[in-house]
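>>> Output the structure for:
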Amino acid sequence: MSKTTFSLGGVHPSDVKIAREKAIEVLPLPQTVYISMAQHLGAPATPCVAVGDQVKAGQVIAEPSGFISAFVHSSVSGTVKSIGARKDLSGKDMTHIEIAVEGDEWVEGVDLSDTLVTDIPQDKAAVLEKIKACGVVGLGGATFPTHVKLNPAPGSKAECLIINAAECEPYLTCDYRIMLEKTKEILVGAAIMQMVLGGCKTVIGVEDNKPEAIAAFKSAIKELGYQGMEVLPLKKKYPQGGEKQLIDAVMKRQVKSGGLPISVGAVVQNVATALAVYEAVQKNKPLVTNTMTVTGDCLPESGLHNYLFRIGMPLSYIAEYAGGIPSDAAKIISGGPMMGKAISNMDACTVKGSSSLLYLSEKTTKRQSEGSCIRCGKCADACPMGLEPFLLNRLYKVSDMDALEQNAVQDCIECGCCLYSCPAFIPLLDYIRQAKGQVMGIMRARAAAAKAAAESKTENK
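Predicted structure coming up:
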């Protein structure tokens, strides 16, 4: 297998893909769903239904409220019971639309059949509009609206579309399952995006611990006859699935601090996003379903699952259906153990980008007592962004925001490699994440002030 990988840092945690052989199961509908207005990067969507309205699955219930925003659709058919604040995964209040489930009737025009549609439409504007109308967002973690990402600013040109099939986080296997079970649909979605981007080269990057997926993609590309599309096996190394790390591995180009992938000719989309694009463009199906893994080191074999879920399903409902929360689960995480977030509220509901319920035992999650930095430099060696975490930690503790910005704390991708590699058990990620948040706040305020000053100067001319 190829040893292609990114050039800076990285670590090698055990992949623990214990649910990889579990085929995707369809979760039955709960009695009630609660659909968040903030399940994409950018401005939350604005509700366009009222309490008492009857809705169908696939119907628009909220509209974008800004350029970086996305449509939100009902995942079920039923009656709108309430619109108001509800706690999300982190315990923050966020507007949700509550819908009492009264069946599974879909809006007219949605094709729910398994019939594969391989003809690629050639009307770029119409395809982008369909992707936007169906509320497709990136499903690799950031949930950036896909129609925006596929429409680079004038003067920018995509040279390579990279499909992220790395799934480098330990435990997670939902992407792996769709690679095996929806191989051709993913490739059609990739071909659609390739067309939108002007026919650029397309590379599907798969970590070499997934040989079955690599073989499936190669065989399907040959069968479908798509041109300018290839599979690139990648070395198993975390965070191989990071956007900038993938670009480095595939194109041997580095995105500069503050730059976007398109600045080096790259557009990166996750395999699940490619599947969502296929369903939107070829099947008229809005993004109201996704796959998630139920896994962990304190689950029996029978408790491991890969589920097809609808957005708005309470996590408590999914946990109960899967067999209940293990008694020895010390922490429940949404996402992987490296970059996922601890769930503080099991009454929170699934969103478009949900990827897991990960149960970890106290043995796995208990932190060692924080020691003193021994200046070994292991955190700097592990950082895939070329930062110096030990220095950022020291600058944060003395509140030197200027120096933190000068040393690019804002470039941290919060991958956790520094924390994983520190022999002194210093919670570097926690400190650096706080420092990054403060510096980004200062940078945003500075940009807003500069914009306001420029507008004022223009008005006074």
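>>> what's the distance between the spatially most central residue of the chain and residue 413?
Residue closest to the average C-alpha location in the chain (Cα atoms, centre = their mean): residue 141, at 1.7 Å. Residue 141 is 10 Å from residue 413, where distance means Cβ to Cβ, to the nearest Å. To be clear about C-beta, it is placed using only N, CA and C from the backbone, and glycine gets the same treatment.
>>> leaving aside the residues next to it on the chain, what's closest to residue 14?
Ranked by Cβ to Cβ, 6 or more residues apart in numbering and with sequence neighbours excluded, the top spatial neighbour of residue 14 is residue 170, at 6.4 Å.
>>> That neighbour touches residue 336, doesn't it?
Yes. Residue 170 is within contact range of residue 336, at 5.9 Å (criterion: Cβ atoms under 8 Å).
>>> quick one: which of these two has more around it?
Neighbours per residue, other Cβ atoms under 10 Å: of residue 170 and residue 336, the larger number sits with residue 336, 25 against 18.
>>> pLDDT score assigned to the more buried one?
For residue 336, the model assigns a pLDDT of 95.
>>> quick one: it from residue 415, how far?
Here the criterion is Cβ to Cβ. By it, residue 336 lies 10 Å from residue 415.
>>> Residue 215 too?
29 Å.
>>> who's more crowded, the two?
Neighbour comparison, residue 215 and residue 415: the larger count goes to residue 415, with 25 against 14 (by other Cβ under 10 Å).
>>> Now stretch 409-417: buried residues?
By neighbour count on 16 or more other Cβ atoms under 10 Å, the buried set for stretch 409-417 is 409-413, 415-417.
>>> Now that stretch: average pLDDT?
Rounded mean pLDDT across stretch 409-417 is 96.
>>> Pull up the distance across it, start to finish.
Stretch 409-417 has its terminal residues 15 Å apart, counting by Cα to Cα, to the nearest Å.
>>> Excluding its own residues, what touches the helix or strand encompassing residue 185? List them.
In this structure, residue 185 sits in helix 183-196 according to DSSP states H and E. Contacts to helix 183-196, defined as Cβ atoms under 8 Å, 6 or more residues apart in numbering, come from residues 116-118, 120-122, 124, 127-128, 150-151, 161, 163, 178-179, 200, 202, 204, 213, 216-217, 220-221, 223-224, 226, 228-229, 267, 269, 271, 273-279, 281-282.
>>> could I get that helix in CSV with only the CA atoms?
This file holds the C-alpha atoms of helix 183-196, laid out as CSV (Å, rounded to 0.1, in the frame of the first residue of the first chain):
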residue,chain,number,x,y,z
THR,A,183,-19.9,3.1,-3.2
LYS,A,184,-21.4,4.1,-6.6
GLU,A,185,-23.6,6.7,-5.1
ILE,A,186,-20.6,8.4,-3.6
LEU,A,187,-18.8,8.3,-6.9
VAL,A,188,-21.7,9.8,-8.7
GLY,A,189,-21.9,12.6,-6.1
ALA,A,190,-18.1,13.2,-6.6
ALA,A,191,-18.6,13.3,-10.4
ILE,A,192,-21.4,15.9,-10.0
MET,A,193,-19.1,18.1,-7.9
GLN,A,194,-16.3,17.5,-10.4
MET,A,195,-18.6,18.8,-13.2
VAL,A,196,-19.5,21.9,-11.1
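>>> can you give me the offset of that helix from its chain's centre?
Relative to its parent chain, helix 183-196 has a centroid offset of 18 Å by Cα atoms, centre = their mean, to the nearest Å.
>>> what are the ranges of the helices in this structure?
Remark: helices assigned in the chain by DSSP state H are 124-133, 146-149, 174-181, 183-196, 211-224, 243-251, 271-283, 315-321, 362-365, 378-382, 389-397, 401-406, 417-421, 428-459.
>>> Now do the domain split for the chain, please.
124-283, 378-459 (automatic domain parsing).
>>> And the shortest one, end to end?
Using Cα to Cα, the end-to-end distance of domain 378-459 comes out at 53 Å.
>>> nearest to residue 54, of the buried residues of stretch 409-417?
Residue 54 lies nearest to residue 413 out of the buried residues of stretch 409-417, by Cβ to Cβ, at 43.5 Å.
>>> got the phi/psi numbers for that closest one?
phi -100, psi 10 (degrees, to the nearest 10).
>>> one step back: helix 271-283 and the helix holding residue 185, what's the angle between them?
Orientation check (axes from the mean of the first three to the mean of the last three Cα atoms, to 10 degrees): helix 183-196 against helix 271-283 gives 80 degrees.
>>> between helix 183-196 and helix 174-181, how many degrees?
100 degrees.
>>> Helix 183-196: which residues count as buried?
183-196.
>>> Include pLDDT and distance to residue 43 when you put the residues you listed into a markdown table, please.
Listed next are the buried residues of helix 183-196 as a markdown table, based on pLDDT from 0 to 100; distance: Cβ to Cβ, whole Å:
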| residue | pLDDT | distance to residue 43 |
| --- | --- | --- |
| 183 | 98 | 35 |
| 184 | 98 | 35 |
| 185 | 98 | 30 |
| 186 | 98 | 29 |
| 187 | 98 | 33 |
| 188 | 98 | 31 |
| 189 | 98 | 26 |
| 190 | 98 | 28 |
| 191 | 98 | 31 |
| 192 | 98 | 26 |
| 193 | 98 | 24 |
| 194 | 98 | 29 |
| 195 | 97 | 29 |
| 196 | 97 | 24 |
